[in-house]
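> sharing a sequence plus its predicted fold:
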Amino acid sequence: MAIYSFWIFDRHCNCIFDREWTLKAKQSSGVVNSKQNEDTAKLLFGMIFSLKSICRKLGNEDVSNEIRTIATGKYRVHVLTTASGLWLVLLTDVQQKNVSEVLHHLYGEIYVPSVAENWLSPIDFAEKEEEKMGQGFRKIQNRYFLRAVEQYLSPMVSR
Amino acid sequence: MSAGSANAAASSVNVSSSTKSLRVFGDEIWKNKTAKINAELFTLTYGSIVSQLSTDFQRNFTKVNEKLFAMGYNIGTRLIEDFLARTALPRCENMVKTSEVISKCAFKIFLNITPQVTNWANNKEAFSLLLDENPLSDFVELPMDAVKELWYSNILCGVLKGALEMVQLDCDVFFVNDVLRGDQSTEIRIKLNRVLKDEIPAGED
Amino acid sequence: MAIQTILVINKSGGLVYKKEFLNGGHRLTSNEYLVLAGTLQGVIAIAGQLTPKALQITKNSGIKDVTDQETLVAYAGPLGILESQDMGSFMLPDYFTESFKSWNTSGLKHITTDQLSLFVFQSLTGVKLVAISTQNSISNVAVSIAENLLRKVYCLYADYVMKNPFHEAEMPIKCTLFDKKVAEMVSRL
């Protein structure tokens, strides 16, 4: 399994967390919450967003029809959408068919305890009105979260 | 043909660039995958077109050449899809590869001939195809007034031009020699002007 | 695999053909299909730009990675081609019988959602064939069947659209024969 990057977008279309491993199979490589990745984050968000709106129309409207994976010739994007409007996005190699368990773990076992249930962490990273609609810049900085993500995903990066 | 050898042929074409496998690949598609028509019907149809054009243009053979080229161009822009659907060959990384695909696959599949690739320019961006036989011009003798001007098979140049353009290769394609005119050989020159990079579909490397 | 829709998108992102196969269910309006085509065109390009840095670095360093193997599509069998069928300019037993390499190496290929999947096949000339299926399977088998099907539709396109002298390039496809052949192929899946 190769993991290339992990992203979280909030309901204001802001990227509130990003972690990219820039060297293949090197656990320690790459960047966290990087400024350089701002544009990439916007592109990724835009791609998922536009496909989401299509898929909603394509499917039966009575049942949810959220995007699960998007594959190219080179990599695969896995998306977990929560009812609260968070998107957890994982980029892996094409071989990974189903990592929804990993995404659920990241959400339920890492995000929820270390961000949502952490009273000292903001839950909404857009502090002002003008930081909504994709204009936000604040990221999840809390150490427990960062460490937990690292501990959980790193072993998979090189496997 | 057994499934095993078919797979072997496919993988050797896809993975290696050896010239022999392209030849085998072209032969195989010609033999087993392409419906054929009667050669005389084909030759006579083309002949009647050229002769009609000569009459229509009052034996102005420059115009006839142009018209044949334009007709070929329109065919080429359509025929390329047939070629790609049939072969699924990957994009050629250079003109050397392109020349092999044209000769060993394209000419083989559509006309059952394999022109020689020769006379490379130093920069490897222009080459000639020598047609030892030309199904279009079986039975043909050019009349005296046409010998100096008419490129009888000029439609081929148009086809090549159109097809190459559709895979984003802007080329000049023209006849240099034709045995019908008394030359030693029948030679088509293909010269790459530029690769239309902007038009290469997104999604390719 | 039940195919819900087949689309053809020309090289500039315009929708030139759409055919729905399943009765009932939710349908898009013509306008929504046009938007869908345009969006896919954009996403194919964006998807390529989002290729992870880890992969770009491997590529630049000249190390041959395994993607070559991954883009090879296995031949999935005749997929309901009849022995007595009219193959146009092709010959029985099938339009092609070997595995083949996908031209679309870094662009969008496959989307799965809760209810369905969408497959994209792109030719060297830029024409895109899209199949929407009512199964959201992500297995290698499903993907290769879809790619095989789309290449066969491309073969039909080469015959019945490109060789129809009255079809104009890049314009909407109004070819009854193409319609009929695609419908036959899909119905026999």
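Alright, I've got the coordinates. Just so you know, these numbers come straight off a predicted model, no measurement behind them.
> now do the strands in chain C.
For chain C, the strands defined by DSSP state E occupy C:3-9, C:15-20, C:72-73, C:100-101, C:108-113, C:117-122, C:128-133.
> find the closest residue to chain A in chain C.
Shortest chain C-to-chain A distance, computed as Cβ to the nearest Cβ: residue-wise this is residue C:52, at 3.4 Å. C-betas here are computed from N, CA, C, even on glycine.
> how about the spatially closest residue to that residue that is not a sequence neighbour, secondary structure?
Counting by Cβ to Cβ, 6 or more residues apart in numbering or on different chains, the nearest residue to residue C:52 once its immediate chain neighbours are dropped is residue A:4, at 3.4 Å. Three-state call for residue A:4 (DSSP: H, G, I helix; E, B strand; the rest coil): strand.
> so residue A:4 is in contact with residue A:19, correct?
No - the pair residue A:4 / residue A:19 is not scored as a contact, 10.0 Å apart, by Cβ atoms under 8 Å.
> now do the residue of chain C closest to chain A against residue C:183, distance only.
Distance, residue C:52 to residue C:183, by Cβ to Cβ, to the nearest Å: 40 Å.
> neighbour-wise, which of the two wins?
For the pair residue C:52 and residue C:183, the greater number of neighbours falls to residue C:52 (23 against 13), based on other Cβ atoms under 10 Å in any protein chain shown.
> so that one sits against residue A:7, correct?
No - in this structure, residue C:52 is not within contact of residue A:7 by Cβ under 8 Å, at 11.5 Å.
> just for chain B, where's the confidence low?
Within chain B, the set of residues satisfying pLDDT under 70 comprises B:1-20.
> quick check: the residue of it nearest chain C.
Closest contact between chain B and chain C, by Cβ to the nearest Cβ, is at residue B:203 (2.1 Å).
> list the contacts of that residue.
A:72-73, C:44-45, C:47-48, C:103-108, C:122 (Cβ atoms under 8 Å, 6 or more residues apart in numbering or on different chains).
> ok, so of the residues you listed, who is nearest chain B?
For the contacts of residue B:203, the minimum distance to chain B (Cβ to the nearest Cβ) is 2.1 Å, reached by residue C:107.
> report how many residues lie close to that closest one.
Neighbours of residue C:107 under the rule other Cβ under 10 Å: 27.
> by neighbour count, which of the contacts of residue B:203 wins?
With neighbours defined as other Cβ under 10 Å, the most crowded of the contacts of residue B:203 is residue C:108; it has 30 neighbours.
> biggest helix in chain C by residues?
helix C:30-49 (DSSP state H).
> could you do chain A as well?
For chain A, the helix with the greatest residue count under DSSP H is helix A:38-58.
> what packs against whichever helix or strand comes after that one?
Per DSSP states H and E, the first helix or strand lying C-terminal to helix A:38-58 is strand A:67-72. Under the contact definition 3 or more Cβ pairs under 8 Å, 6 or more residues apart in numbering or on different chains; DSSP states H and E, strand A:67-72 sits against helix A:38-58, strand A:75-81, helix C:30-49, strand C:108-113.
> mind putting those into CSV with distance to residue A:25 and mean pLDDT?
Formatted as CSV, the helices and strands packed on strand A:67-72 follow (distance: least, Cβ to Cβ, whole Å; pLDDT from 0 to 100):
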stretch, distance to residue A:25, mean pLDDT
helix A:38-58, 21, 92
strand A:75-81, 14, 95
helix C:30-49, 23, 93
strand C:108-113, 24, 93
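> now do the contacts for the closest residue to chain C within chain A.
Residue nearest to chain C within chain A (Cβ to the nearest Cβ): residue A:4, separated by 3.4 Å. Residues in contact with residue A:4 (Cβ under 8 Å, 6+ apart) are A:20-21, A:75, A:91-93, C:52-55.
> what do you get for residue A:12?
Counting by Cβ under 8 Å, 6+ apart, residue A:12 touches A:124-126, A:131-134, A:136.
> what's the answer for residue A:48, then?
By Cβ under 8 Å, 6+ apart, residue A:48 lies in contact with A:67, A:70, A:77, A:79, A:87, A:89.
> so what sits opposite the nearest residue to the fourth one once chain neighbours are set aside in the bridge?
If you skip the residues right next to it in sequence, residue A:79 has residue A:67 as its closest partner in space, 5.0 Å away by Cβ to Cβ, 6+ apart. When assigned by DSSP bridges, residue A:67 has beta-bridge partners residue C:113.
> isn't residue A:67 right up against residue A:50?
No - under the criterion of Cβ under 8 Å, residue A:67 makes no contact with residue A:50, lying 10.5 Å away.
> so between these two, which is more surrounded?
For the pair residue A:67 and residue A:50, the greater number of neighbours falls to residue A:67 (24 against 18), based on other Cβ under 10 Å.
> distance check, that one against residue C:155.
Distance of residue A:67 to residue C:155, given as Cβ to Cβ: 30 Å.
> same question for residue A:101.
40 Å.
> ditto for residue A:22
Counting by Cβ to Cβ, the gap from residue A:22 to residue C:155 is 41 Å.
> same question for residue A:75.
Residue A:75 sits at a distance of 29 Å from residue C:155 (criterion: Cβ to Cβ).
> higher neighbour count, these two?
residue C:155 (26 against 23).
> confidence score at the more buried one?
Note on residue C:155: pLDDT of 96.
> quick one: contacts for it?
Residue C:155 touches B:85-86, C:88, C:90, C:95-96, counting by Cβ under 8 Å, 6+ apart.
> ok so, going back, how about the longest helix of chain A: buried residues?
Along helix A:38-58, these residues count as buried under the neighbour rule (16 or more other Cβ atoms under 10 Å in any protein chain shown): A:40-41, A:44-48, A:50-52, A:54-55, A:57-58.
> residue 67: what's it in contact with?
Going with chain A. Each residue near residue A:67 by Cβ under 8 Å, 6+ apart is listed here: A:48, A:51-52, A:55, A:79, A:81, C:111-113.
> hmm, I had chain B in mind actually
So, once contact is read as Cβ under 8 Å, 6+ apart, residue B:67 ends up touching B:53, B:57.
> ok so it is a helix residue?
Yes - inclusion of residue B:67 in a helix is indicated when three-state DSSP is applied.
> how close does it get to chain A?
When distances are taken as Cβ to the nearest Cβ, to the nearest Å, residue B:67 and chain A turn out to be 42 Å apart.
> endpoint to endpoint, stretch C:14-33 covers what distance?
Across its full length, stretch C:14-33 reaches 10 Å between end residues, using Cα to Cα, to the nearest Å.
> repeat that for stretch C:92-100.
Using Cα to Cα, the end-to-end distance of stretch C:92-100 comes out at 18 Å.
> what does chain A put close to chain B?
If contacts are counted using Cβ under 8 Å from any Cβ of the partner chain, the residues of chain A sitting beside chain B are A:72-73.
> ok, 10 Å please
If contacts are counted using Cβ under 10 Å from any Cβ of the partner chain, the residues of chain A sitting beside chain B are A:72-74.
> now the residues you listed in a markdown table, with distance to residue C:27 and pLDDT?
Converted to a markdown table, the residues of chain A next to chain B look like this (distance: Cβ to Cβ, whole Å; pLDDT from 0 to 100):
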| residue | distance to residue C:27 | pLDDT |
| --- | --- | --- |
| A:72 | 28 | 90 |
| A:73 | 31 | 87 |
| A:74 | 33 | 89 |
